[in-house]
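Novice: need the 3D shape of this:
(one chain, ligands or ions: 1)
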Amino acid sequence: MISSREYLERLKAMKPNVYMGGELVSRDHPLIMPGIRVIALTYDLAQDPQYQELLTATSHLNGKRINRFTHIHQSPEDLLKKQEMTRVLTRKTGFCIQRCMGVDAMNALSVVTWEMDESLGTEYHQRFLNYLEYWQERDITGCCAQTDAKGHRKLRPHQQPDPDAYVRVVKKDAKGIVVRGAKRHITVGSYAEEIIVLPTRVMTQQEKEWAVAFAVPGDAPGLYLVNRASAPRPRRHLKAPLASFGSSDTLTIFEDVFVPWERVFMCGETEFAGDLALLFALFHRHSYTGCKPAVTDVIMGFTALAAEYHGIEKAQHIQMKLADLIGVAELVYGAGMAAAVKAKRSASGTWIPDPVFCNVGRRHAGEHIYHEHHILSEVAGGIPATLPYEDDFFSPELGELVNKYTRHRPDIPAEHQHRCFRCIGDLAVSAFGGVWQYAGVHGGGSPIMETIALLKNYDLEEKKRVAKELAGIPEE
Ligand SMILES: Cc1cc2nc3c(=O)[nH]c(=O)nc-3n(C[C@H](O)[C@H](O)[C@H](O)COP(=O)(O)OP(=O)(O)OC[C@H]3O[C@@H](n4cnc5c(N)ncnc54)[C@H](O)[C@@H]3O)c2cc1C
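Specialist: Alright, predicted model coming up:
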């Protein structure tokens, strides 16, 4: 396992290929650093005795102690720990821990490469295991690039006027493949050492060139990362953990990128593309049953604190709203726990969480995110939206008056009230907050995707049999 300092050093040594605002920028650009600080937590806390048990695991490849963000789940207990780790770490950042995409993609590959080999006689699984060993040994932070540019939404990949709308193989030879296309919205793209590319949907037999999965270093020749960074407005006086973190997402462009065969994990096996796409989504939705309850914990904490600072915490309507938030957090977490307990061991040995419980959990979270923010804004009132800038609280001329009128309760220091409402502003009424509310809907797949996955995995016929039995309708 490595330290966060080593991670940062390695990022700095990568070839520059990150673009932002029309310029080529270094990976330690001040707007990218807030996201890097989130990932740094996953390295630092893994070395902290208090968190070691949760943040580390034993590699099933060689018995070495590894960061849990590089682990392939070997039991339901592993899935429960991943879920708990995700909640614990997300609470520390206030919105997302970001390192889950890479490990979720690796878990999906561990299952599907094995299945392809069994069914087709390919050699993907051993290739994957070699790559996994490298990944674990170097304690890699990776991202998952699944969502293609997709072009016209009603057309399949092979029907698109521009065939590059989905990432595809444009050349193949004895050494490897050359890929072209783009993946959108790739969180961590600009500070990932490795980018794992997976198909985004089921592929038909005409779509061999788009049925492709592989891993490339984040600075591979021909790879361009167009970065969009999000973070709270930096603080000058009242430093706060929440304000030090942020995130980045990249439009990830593959302009004829060469990938050697040892890093290719699917190439033309159309019948497995959908399995791989859905399995990543499943592992990732299970991660969401850890992070989304933490997001609710944060919203709930600020709602309760704002109510207390207003002096209205005992009011009945406030209690009802807090109960709503508790319901969201714990039902989503409970669904993730059930998904882990009901997990099944795949033939590869990797444990797969239950799809129904994962999808009901993630769907419930996605459908409630704006409701949760509604509650926060109702209880907090208008202050987070109109709070004067931080410097005005420290102005020699008006600072005292600004503090005086921001204070609601004389028994609570003005600074605490100021801190609380500034953080609510960061979470609820800022560009950063907007990105993460939006991510609450779409990250890991929009609620409609969870609905489809749910209905596909649910036995509705069995429910009809229950109804028939109760109604005395004979089975045909
Ligand atoms: C902040 C953030 C971070 C993300 N991080 C990652 C990441 O790290 N890696 C990654 O791979 N992805 C990531 N995503 C992508 C996320 O999974 C997608 O946004 C999500 O799957 C929706 O895809 P889309 O944005 O292309 O929307 P679209 O698929 O374009 O959906 C838009 C609308 O069109 C509808 N629609 C789409 N296709 C059809 C159709 N054929 N027929 C009818 N209706 C249709 C959808 O239901 C939806 O209502 C991230 C997204 C966000 C917002």
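Novice: going by C-alpha atoms from here, please, whenever you check contacts or count neighbours.
Specialist: Will do.
Novice: give the buried residues for the helix or strand where Cys423 lies.
Specialist: Using DSSP states H and E, Cys423 maps to helix 414-428. With burial defined by 16 or more other C-alpha atoms under 10 Å, the residues of helix 414-428 counted as buried are Ala414, Gln417, His418, Cys420, Phe421, Arg422, Cys423, Ile424, Gly425, Asp426, Leu427, Ala428.
Novice: if I pick Glu400, what's in contact with it?
Specialist: Phe393, Phe394 (C-alpha atoms under 8 Å, 6 or more residues apart in numbering).
Novice: per-residue pLDDT, it?
Specialist: Per-residue confidence (pLDDT) for Glu400: 96.
Novice: swap in the one 3 residues further on?
Specialist: pLDDT for Asn403: 94.
Novice: list the residues that contact it.
Specialist: Contacts of Asn403 (C-alpha under 8 Å, 6+ apart): Phe393, Ala414, Glu415, His418.
Novice: who's in contact with the helix or strand bottoming out on mean pLDDT in the chain?
Specialist: Counting by mean pLDDT, DSSP states H and E, the weakest-scoring helix or strand in the chain turns out to be helix 447-457, with a mean of 89. Helix 447-457 is contacted from outside by Pro355, Val356, Asn359, Val360, Arg362, Arg363, Gly366, Glu367, Val441, using C-alpha under 8 Å, 6+ apart.
Novice: and the first one, how far is that from the ligand?
Specialist: According to C-alpha to the nearest ligand atom, to the nearest Å, Pro355 stands 17 Å off from the ligand.
Novice: just to revisit the earlier point, out of the contacts of Asn403, which one sits closest to the ligand?
Specialist: His418 (28.2 Å; C-alpha to the nearest ligand atom).
Novice: wait, Leu198 touches Asp275, no?
Specialist: No: counting by C-alpha atoms under 8 Å, Leu198 stays clear of Asp275, with 10.6 Å between them.
Novice: of the two, who's got more company?
Specialist: Taking other C-alpha atoms under 10 Å, Leu198 and Asp275 do not tie; Leu198 has more neighbours (29 against 20).
Novice: give me the pLDDT for that one.
Specialist: On pLDDT, Leu198 comes in at 98.
Novice: do Glu475 as well
Specialist: 85.
Novice: distance between the lengthiest helix in the chain and the chain's centre?
Specialist: In the chain, with assignment by DSSP state H, the single longest helix is helix 270-310. In terms of C-alpha atoms, centre = their mean, to the nearest Å, the centre of helix 270-310 is found 8 Å from the chain centre.
Novice: show the subsequent helix or strand relative to it.
Specialist: Past helix 270-310, the next helix or strand by DSSP H and E is helix 316-341.
Novice: shaky segments in the stretch 201-350 of the chain?
Specialist: Low-confidence segments of the stretch 201-350 of the chain, defined by pLDDT under 70, are absent.
Novice: show me where the stretch 151-300 of the chain has strands.
Specialist: For the stretch 151-300 of the chain, applying DSSP state E, counting those that start in this stretch gives strands covering 168-172, 176-187, 194-197, 212-217, 223-230, 247-260, 264-267.
Novice: which residues sit against the helix holding Cys423?
Specialist: Contacts of helix 414-428 (C-alpha under 8 Å, 6+ apart): 232-233, 238, 242-243, 302, 305-306, 309, 373, 377, 380, 383-385, 387, 403-404, 406-408, 432-434.
Novice: re the thing from before, the buried residues of helix 414-428 into a markdown table, with extra columns for distance to Glu115 and pLDDT?
Specialist: Below are the buried residues of helix 414-428 laid out as a markdown table (distance: C-alpha to C-alpha, whole Å; pLDDT from 0 to 100):
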| residue | distance to Glu115 | pLDDT |
| --- | --- | --- |
| Ala414 | 61 | 93 |
| Gln417 | 56 | 95 |
| His418 | 56 | 95 |
| Cys420 | 51 | 97 |
| Phe421 | 52 | 97 |
| Arg422 | 51 | 97 |
| Cys423 | 47 | 97 |
| Ile424 | 47 | 98 |
| Gly425 | 48 | 97 |
| Asp426 | 45 | 97 |
| Leu427 | 43 | 97 |
| Ala428 | 44 | 96 |
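Novice: Asn17 contacts Asp219, doesn't it?
Specialist: Yes: between Asn17 and Asp219 there is a contact at 6.2 Å, judged by C-alpha under 8 Å.
Novice: dump the least confident helix or strand of the chain to PDB, restricted to CA.
Specialist: Output in PDB follows, covering the C-alpha atoms of helix 447-457 (Å, rounded to 0.1, in the frame of the first residue of the first chain):
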ATOM      1  CA  PRO A 447     -33.500   5.900 -12.000                       C
ATOM      2  CA  ILE A 448     -35.100   4.600 -15.200                       C
ATOM      3  CA  MET A 449     -32.100   2.200 -15.600                       C
ATOM      4  CA  GLU A 450     -32.600   0.900 -12.000                       C
ATOM      5  CA  THR A 451     -36.300   0.500 -12.800                       C
ATOM      6  CA  ILE A 452     -35.500  -1.600 -15.900                       C
ATOM      7  CA  ALA A 453     -32.900  -3.700 -14.000                       C
ATOM      8  CA  LEU A 454     -35.400  -4.200 -11.200                       C
ATOM      9  CA  LEU A 455     -38.200  -5.400 -13.400                       C
ATOM     10  CA  LYS A 456     -35.800  -7.700 -15.200                       C
ATOM     11  CA  ASN A 457     -34.700  -9.400 -12.000                       C
END
